[in-house]
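S.K.: Here is my input; please provide its structure:
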Amino acid sequence: MGKRIPAVGGACRGDMGRLGRVVFLCAALLAAGCGPKEPPKPPTRIIIESAPEAGAMVLLAGEDRGATPVTVEGLPAGRYEAVLTLDRFKRTFADIEVKGAPEETFTVEMEPLMGTVSVESKPIGADIYVDGEKVGATPVFGYPLQVGDYSYELRLENYEPVTNAFTVEEGFKLEFKHELKPLEAQLEVFSRPTGAKIWINNMAQAQATPARFTLLPGSYLVSVHTPGFIQQEQIVSLTPNATEAVQLKMEPGVVPPGMVLVPGGDFTMGNDDRAPDERPKRVVSLKPFYIDKFEVTNQDYKAVFPEHTFTEGQENWPATGVSWSQAMRYASLTGKRLPTEAEWERAARGTDAREYPWGWTFEEGMANTKEANNARRVRVGLYFNGTSPHRCVDMAGNAYEWVSDWYDAYPGNKDVTKDYGQIFRVLRGGSYLTGKFEARCASRHFDRMDATREDYGFRCAQDAPAQ
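M.R.: Alright, predicted model coming up:
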C-alpha cells in the first residue's frame, strides 16, 4: 500500500501538445504561400484592324495606339470605345468588349466618303475607263466614287480618245460632257485631164490633181477645172479613219470656172395659186447664160473691195449686208452682171415648174431657212443636197439674192399696187431669216436699192454664146 505508479497518462499529454503546435505552424506557413503555386495568367493581347483599308489611326481608352493593324497588351477585361480616323473615310466609333482571352482580334468596318460623276459624249456609246478599269459606256449618270483624285478615258472606235483628270469630294456631283473628235479621213482626187485646179466646198486648194487631202469626216463637194474644159464636181462622204477616191472626167467646153451653163429655151415662170405678185404662170423663153454656182462669198467680195470686213473663219460665207447698187458694181468690176428675175428662176427650178430647187415639196436638210434653226448664215454649199437642176447651190435660203429687175407686175397681172414700178428692186430665194414659203423658186421679195439688210447677198450671171 504506499507504492507509487508512474503516471503514464501525464507523459502522453506532453507528446500531443507538441504535435498540435507543428500542425498549426504548417497551416500558417501554407497560408503564407509556402505551399505549391499555380502558374500566372498571361497578359491580355488585343489586335485592332480596319477594313477595307489599313492605316487608320486608333484612339483607345484615352490613348493614341497608332495605325491599324495595332496591338494593345495588358488591357483589363471590359468594354471600351475605339475611335478610328483615316483619310477618305468617315470617322468611325466602335464598341470593343475585351473578355480577357489571351488574344482577341477586332475588325472595324469604315464607311468611305463618296461623291458621284456623270459622263456624257456625243456620239454616245464611248467606253469609259476610270483609272484604267472599264466602268460602262456613255452616257453614265451618278457613278459612285470614293473621294480622291481620278482620271478617266473615253474610247470609241474611229474617234480620238479623250482623257480627263478630276477630283471627287464628299457629296459632290461632277458632270462632264464631251464632243468626240472623229479620226481624220483621206480624200484622193483624180481628174481627166490631169493637172486640174481643185475646190473643196468652194474653197480653192493649192494642189492640182492628182492630190491627197486629210479631212474630218463628213460630206464634201469636190470640184475640178482645167481651162478649155467644163468644171465638174461630185459629192463625197468621208467616214472616220477611211480613205476615199474620186475620179472626175471633164468635157471640153468654155464655161467660166465657178459658173454653170443654163441652156436657152422655154420654161414655166410664176404661179397662179400662191402670192398675187407671182401671177400669172406663163412660158418664158431665154437665151443661154452662165450663172454662179454659189452665192458671192466674203473672200470673193473682199478681193474686189478690200475695205469689206467679216468675222475670221467666215471667208466662205455669203457676203451680206450688200445693197443692190454694191452688187451691181461688184458684178461689173468682175466682168459679169446680176441675173434677171427670169434667169434666176430658170436656174433655180429648171423646166418642170417645181416649187423648190430640189423638187415639189419642202424637205428638211435641203436649205438654210428658219426651219433649219441655225439662226445665222452658213458657208456656201453646206446644203448642196438642195442643188437645183442646173447644179446651182443655195438658191433657197441662206441669203436673199439681188436680181437686176425692178419690182413690177408680170405681163398679164391686172393687180394694182403702189409698190409696183421703178421704186424697188427684186430679191429672190429667201434667207436664213425666212420660212419655206419665201424660199420657193417663184417667190418674190423687194426692197430699196440702197437697202443693206444682214441677209441680203447676191450671185452673178454672164451672157453665154448662142447654142
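S.K.: Now for the nearest residue to Phe172 once chain neighbours are set aside: which residues touch it?
M.R.: Distances taken as C-beta to C-beta, 6 or more residues apart in numbering place Gly115 nearest to Phe172, at 4.2 Å, with adjacent residues excluded. All C-beta spots, glycine's among them, are computed from the backbone N, C-alpha and C. Counting by C-beta atoms under 8 Å, 6 or more residues apart in numbering, Gly115 makes contact with 144-145, 147, 168-174.
S.K.: Filter the residues you listed down to the buried ones.
M.R.: 145, 147, 168, 174 (16 or more other C-beta atoms under 10 Å).
S.K.: Next, give me the two most distant ones among those residues.
M.R.: Greatest spacing in the buried ones among the contacts of Gly115, by C-beta to C-beta: Val147 and Leu174 (11.3 Å).
S.K.: joint contacts of those two?
M.R.: Counting by C-beta under 8 Å, 6+ apart, the residues touching both Val147 and Leu174 are 115, 168.
S.K.: Break this protein into its domains for me.
M.R.: 46-109, 114-179, 185-249, 259-463 (automatic domain parsing).
S.K.: if we can go back for a sec, parallel or antiparallel, list what pairs with the stretch of helix or strand the residue nearest to Phe172 belongs to.
M.R.: Assigned by DSSP states H and E, Gly115 falls within strand 114-122. Next to strand 114-122 in the sheet, as set by DSSP bridges, lie strand 140-146 (antiparallel), strand 173-179 (parallel).
S.K.: returning to what we had before: just put the domains of the chain in a markdown table and tack on mean pLDDT.
M.R.: Below are those laid out as a markdown table (pLDDT from 0 to 100):
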| stretch | mean pLDDT |
| --- | --- |
| domain 46-109 | 94 |
| domain 114-179 | 96 |
| domain 185-249 | 94 |
| domain 259-463 | 96 |
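S.K.: so which of those domains is the most packed in?
M.R.: domain 259-463 (a mean of 19; mean count of other C-beta atoms under 10 Å).
S.K.: which one of the contacts of Gly115 is nearest Asn158?
M.R.: Once C-beta to C-beta is applied, the member of the contacts of Gly115 that ends up nearest Asn158 is Leu174, at 27.4 Å.
S.K.: Is the closest one bridged to anything, and to what?
M.R.: Going by DSSP bridges, Leu174 is paired in beta bridges with Val117.
S.K.: Quick one: residues contacting it.
M.R.: Applying C-beta under 8 Å, 6+ apart to Leu174 gives the contacts 115-118, 166, 168.
S.K.: wait, what's in contact with the one residue sitting closest to the centre of the chain?
M.R.: The centroid of the chain falls nearest to Glu179 when counting by C-alpha atoms, centre = their mean (1.9 Å). Taking C-beta under 8 Å, 6+ apart, we find Glu179 in contact with 121-122.
S.K.: Now do it against Leu156, distance only.
M.R.: Glu179 is 12 Å from Leu156, where distance means C-beta to C-beta, to the nearest Å.
S.K.: for Pro288, same thing?
M.R.: For Pro288, the distance to Leu156 - C-beta to C-beta - is 51 Å.
S.K.: next one: Gly397
M.R.: Distance from Gly397 to Leu156, by C-beta to C-beta: 33 Å.
S.K.: Next: Leu221.
M.R.: Leu221 is 28 Å from Leu156, by C-beta to C-beta.
S.K.: Ok, Ala331 next?
M.R.: Counting by C-beta to C-beta, the gap from Ala331 to Leu156 is 49 Å.
S.K.: Please list all residues in contact with the closest residue to Asp272 other than its chain neighbours.
M.R.: Nearest residue to Asp272 in three dimensions, chain neighbours excluded: Lys281, at 4.7 Å (C-beta to C-beta, 6+ apart). For Lys281, the contacting residues are 268-272, 353, by C-beta under 8 Å, 6+ apart.
S.K.: out of the residues you listed, who's nearest Tyr129?
M.R.: Ala353 (58.8 Å).
S.K.: Now do the strands in the stretch 151-300 of the chain.
M.R.: In the stretch 151-300 of the chain, the strands defined using DSSP state E, counting those that start in this stretch lie at 162-168, 173-179, 185-192, 197-200, 203-208, 211-215, 218-225, 232-238, 243-249, 259-262, 265-269, 282-286, 289-292.
S.K.: can you put the ones you listed in CSV and add distance to Lys414?
M.R.: As requested, these are exported to CSV (distance: least, C-beta to C-beta, whole Å):
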stretch, distance to Lys414
strand 162-168, 66
strand 173-179, 57
strand 185-192, 54
strand 197-200, 47
strand 203-208, 48
strand 211-215, 55
strand 218-225, 44
strand 232-238, 44
strand 243-249, 50
strand 259-262, 30
strand 265-269, 17
strand 282-286, 14
strand 289-292, 30
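S.K.: outside of stretch 193-210, which residues touch it?
M.R.: Stretch 193-210 has contacts (C-beta under 8 Å, 6+ apart) with 187-191, 211, 213, 215, 220-226, 229, 233, 248, 250, 257-258, 293-294, 297, 315-316, 379-382.
S.K.: May I have that stretch as PDB, with CA atoms only?
M.R.: Provided in PDB are the C-alpha atoms of stretch 193-210 (Å, rounded to 0.1, in the frame of the first residue of the first chain):
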ATOM      1  CA  PRO A 193      -7.400  65.500-167.900                       C
ATOM      2  CA  THR A 194      -4.900  65.700-165.100                       C
ATOM      3  CA  GLY A 195      -3.400  68.800-163.500                       C
ATOM      4  CA  ALA A 196      -6.800  70.400-162.800                       C
ATOM      5  CA  LYS A 197      -7.400  73.000-160.200                       C
ATOM      6  CA  ILE A 198      -9.300  71.700-157.200                       C
ATOM      7  CA  TRP A 199     -12.000  73.200-155.000                       C
ATOM      8  CA  ILE A 200     -13.400  71.600-151.900                       C
ATOM      9  CA  ASN A 201     -16.700  73.100-150.700                       C
ATOM     10  CA  ASN A 202     -16.000  76.000-153.000                       C
ATOM     11  CA  MET A 203     -12.600  76.700-151.300                       C
ATOM     12  CA  ALA A 204      -9.700  76.700-153.800                       C
ATOM     13  CA  GLN A 205      -6.900  74.300-152.900                       C
ATOM     14  CA  ALA A 206      -3.200  74.800-153.500                       C
ATOM     15  CA  GLN A 207      -2.800  71.300-155.000                       C
ATOM     16  CA  ALA A 208      -3.700  70.200-158.500                       C
ATOM     17  CA  THR A 209      -4.900  66.700-159.500                       C
ATOM     18  CA  PRO A 210      -3.800  64.100-158.600                       C
END
